[in-house]
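> Could you work out the structure for the sequence below:
(chains A and B)
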Number of protein chains: 2
Amino acid sequence: MRALTLNDGVELRNIDAPSRERHEALVQVRLAGVCATDLELARGYMGFRGVLGHEFVGEVVASPNARWIGRRVVGEINVGCGSCARCKAGLSRHCDTRSVLGIKAKDGCFAEYLTLPLDNLIEVPAQVPDEMAVFTEPLAAAFEILEQVHIGPNSRALVLGDGRLGLLCAMVLAHIGCDTHMLGRHEAKLAIARAHGVRTFALPDGPLHTYGVVVEATGNPEGLARAIELTEPRGTLVLKTTQRESPALDLNQVVIREISLVGSRCGPFGPALRAMASGRIDPRPLIHERFDLEEGVRALARAGEPGVLKVLLQMS
Amino acid sequence: MRALTLNDGVELRNIDAPSRERHEALVQVRLAGVCATDLELARGYMGFRGVLGHEFVGEVVASPNARWIGRRVVGEINVGCGSCARCKAGLSRHCDTRSVLGIKAKDGCFAEYLTLPLDNLIEVPAQVPDEMAVFTEPLAAAFEILEQVHIGPNSRALVLGDGRLGLLCAMVLAHIGCDTHMLGRHEAKLAIARAHGVRTFALPDGPLHTYGVVVEATGNPEGLARAIELTEPRGTLVLKTTQRESPALDLNQVVIREISLVGSRCGPFGPALRAMASGRIDPRPLIHERFDLEEGVRALARAGEPGVLKVLLQMS
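Numbers count the residues shown, from 1 in each chain, chains lettered A, B, ... in the order given. All right, here's what the predicted structure looks like:
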């Protein structure tokens, strides 16, 4: 099969289709999304080698349970050991020995086929087209904020950064009714947020007050410093992105103003699918361009250009 | 009156007793405690100038309400403006224009007299002697952890650092019944924790597992890095101390393991006084040495020596 692989660099290769283990399903990938993490991995983050990609929608073509064959699915990307205390507590996303689709010790979805344990798969409702379903994983990461932090509908929240993840976070916050603001630098992206009921501010200007909830989605140290400034005393600052370097942080401000910094990563797929199925959230305005898998190297380069939102890869 | 003042350096001076404003009481200080913050202020932190000290027990000698005269009191050290939204919400400890006793724009308690608004004073129960009451402010800071973080009695918590504040935090955590551990480097201090039901580990060894709740009370970057390592996925790391420098932090670990970092500062006096009045917490084993105010410069030097716990200043 054709696959976009990371070795010394990223290239399209012909490799064997993955052979599934007994508890795994074989999934034919239909559509996949490029994420900032893929670009970081390509630059050496985590030392990953193999097939890239973790955002996908596909169809089950082989399965330990025949009823799944032919179903359209998305998949939880963390594969826990299944036997440690965390896995048994339902926290397989935090299993110490987990593999992660296209990120750690497991080939990803920028390929014609992938394998995942049947337990990781979730069927996509008929009313969610592929172009929406492919956003399930990053939208779930945005929903994770609501799993970790209590945000009431009377809260005032700010999302810092108008990139892919920032926009999804703003959509999630706005759709629960809280007064959601966004600070970014790209008018076209801010316009997408505004269409979802978000009040926007363009850099270098910005809001003049502080917020009870701030979501840091810029991924750069300047954004993080600004995020701390914009969080009110006793407020919560959600860290939604990893940073390439370890930034020097003014933790004294965190202590003196009693701010809570909440690290936030992958999230639950169910709420993301329900929100898209009901029409409460439609992430499709984020789609920037579609490429065939053959053009995968070019697609990744495009996804890394400034101002580019979601780049999709179609497999056939 | 005699007062330990910070100008270019710390010295004992004869200055005028403070004149109280209409809503303030005049308090004759009986006993005061030296805190790490006093030592930091003496080194230039916050740029404070004036009378040092914020941990005290004293007696009201003049008051807008005559019923308070003669009462033995402790005092909330933050003085809010009383009119901003935060003050009106009961968050005067986070008022932007607050003054802070002996820390910011208000003379402190290392003197024969101080003034505080009557609203800041709390009467000390008769069964709490001066030697306990003088710990109310730092013990309240330890209780602040329970105000900010839900810690059940089945939790396993670790306090990092066996200094004054670390020991008070461990006492507070242990007394609510949670499985409390401490990691430190001074056997004599760890012994105090053990006497309060805390399980202790001496550096360079340490616990082999991670904790759902970790309290960082070392105040140094190495302690902070270790604290992140020792916090389990989805766990809470309470930042109880300010740091002299802004440390470079591995925030990626915070994001990937979804840790919550909770900045924590001053706390509620009521629970601290109740815990001491009932005998549930007795901080007196922390007392290292008592000095007369006359010897204040020497007392501060002593408090800065390695391994020294609480140094008290008596005013008469």
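
> going forward, measure contacts and count neighbours with C-alpha atoms only.
Will do.

> Tell me how far the residue of chain A most remote from its centre lies from A:Val214.
For chain A, the C-alpha farthest from the mean C-alpha position belongs to A:Ile256; by Cα atoms, centre = their mean, that distance is 32.2 Å. Counting by Cα to Cα, to the nearest Å, the gap from A:Ile256 to A:Val214 is 17 Å.

> Just give the number of residues close to A:Arg226.
Neighbour count for A:Arg226, taken as other Cα atoms under 10 Å in any protein chain shown: 12.

> Specify the local secondary structure of it.
helix (DSSP: H, G, I helix; E, B strand; the rest coil).

> how much space between it and A:Thr180?
17 Å.

> At the contact with chain B, which residues of the stretch 1-150 of chain A appear?
Within the stretch 1-150 of chain A, the residues that sit near chain B (Cα under 8 Å from any Cα of the partner chain) are A:His94.

> Residue in the stretch 1-150 of chain A with the shortest distance to chain B?
Closest residue of the stretch 1-150 of chain A to chain B, Cα to the nearest Cα: A:His94 (6.4 Å).

> Setting the sequence-adjacent residues aside, check what's closest to that residue.
B:Pro233 (6.4 Å; Cα to Cα, 6 or more residues apart in numbering or on different chains).

> ok, residues contacting the helix or strand encompassing that neighbour?
Following DSSP states H and E, one finds B:Pro233 within strand B:231-239. Identification of contacts with strand B:231-239 by Cα atoms under 8 Å, 6 or more residues apart in numbering or on different chains yields A:94, A:255, B:145, B:210-217, B:227-228, B:257-264.

> can you pull the alpha-carbon coordinates of stretch A:4-15 into PDB?
Only the C-alpha atoms of stretch A:4-15 are listed here, as PDB (Å, rounded to 0.1, in the frame of the first residue of the first chain):
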ATOM      1  CA  LEU A   4       3.500   8.700   3.900                       C
ATOM      2  CA  THR A   5       6.400   7.600   6.100                       C
ATOM      3  CA  LEU A   6       8.800   9.400   8.400                       C
ATOM      4  CA  ASN A   7      12.400   8.000   8.400                       C
ATOM      5  CA  ASP A   8      15.200  10.400   7.800                       C
ATOM      6  CA  GLY A   9      12.700  12.600   6.100                       C
ATOM      7  CA  VAL A  10       9.100  12.300   5.000                       C
ATOM      8  CA  GLU A  11       8.400  10.400   1.800                       C
ATOM      9  CA  LEU A  12       5.700   8.400   0.100                       C
ATOM     10  CA  ARG A  13       6.600   4.700   0.000                       C
ATOM     11  CA  ASN A  14       5.100   1.500  -1.000                       C
ATOM     12  CA  ILE A  15       5.000  -0.700   2.000                       C
END
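
> follow-up on the earlier one: so what's the gap between the strand holding B:Pro233 and the chain middle?
Centre-to-centre, strand B:231-239 and its host chain are 22 Å apart (Cα atoms, centre = their mean, to the nearest Å).

> swap in stretch A:203-213?
Worked out by Cα atoms, centre = their mean, stretch A:203-213 lies 25 Å from the chain centre.

> Does that stretch reach chain B?
No: using Cα under 8 Å from any Cα, we find that stretch A:203-213 stays clear of chain B, coming within 11.9 Å at best.

> residues of that stretch that come out buried?
By 16 or more other Cα atoms under 10 Å in any protein chain shown, the buried positions in stretch A:203-213 come out as A:210-213.

> Now go through these and say which are in strands.
Per DSSP state E, strands hold the following members of the buried residues of stretch A:203-213: A:211-213.

> any chance of these in TSV, plus pLDDT?
Listed next are those as TSV, based on pLDDT from 0 to 100:
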residue	pLDDT
A:Tyr211	97
A:Gly212	96
A:Val213	97
